[in-house]
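> this is a predicted model, with the sequence first.
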Amino acid sequence: MTQQVPQRPVREFRMGKIQIAIWENRHQDDRQTIVRHSATLTKSFRNDKDEWHETGTFFAGDLLRLSLLAQRAAEWIDLREAEPARASNKT
């Protein structure tokens, strides 16, 4: 029986307790491998038992940080997904 290794994000951005994780998704097309990225937004918090948890719920005060992280992630993804197109244009 083979044991699967959990996939890890290819990049993470963090501001305080808010984090955005970027995941790489590969898809085989007829002629090439297509790489796409997705993102997961979370906020860490401690409960009343002092245990760490994550949530996808944000307060109004979190939204500016969330916006800045989303912008960083979008720029990073845009650069990575544009690389194959640039490489194929050089030939």
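Right, received. Where do you want to start? Every value quoted in this text rests on a predicted model; they were computed, and no experiment measured them. Numbers count the residues shown, from 1 in each chain.

> surely residue 15 meets residue 65?
Yes. Applying Cβ atoms under 8 Å, one finds residue 15 in contact with residue 65, separated by 4.5 Å. Glycine gets a C-beta too; all of them are placed from N, C-alpha and C.

> contacts for stretch 45-58 next, please.
By Cβ atoms under 8 Å, 6 or more residues apart in numbering, the list of residues contacting stretch 45-58 from outside reads 17-18, 41-44, 66.

> okay, residue 15 and residue 65: which has more neighbours?
For residue 15 versus residue 65, the count of surrounding residues by other Cβ atoms under 10 Å is larger for residue 65: 17 against 14.

> and what about that one, helix, strand or coil?
Classification of residue 65 by DSSP: H, G, I helix; E, B strand; the rest coil places it in helix.

> show me where pLDDT drops low in this protein?
1-6, 84-91 (pLDDT under 70).

> in it, which residue is most central in space?
Centroid check for the chain by Cα atoms, centre = their mean gives residue 22 as the closest residue, at 1.6 Å.

> mind listing what that residue touches?
Taking Cβ under 8 Å, 6+ apart, one finds 9-13, 37-39, 73, 76-77 in contact with residue 22.

> same check on residue 28?
residue 34.

> separation between it and residue 55?
35 Å (Cβ to Cβ, to the nearest Å).
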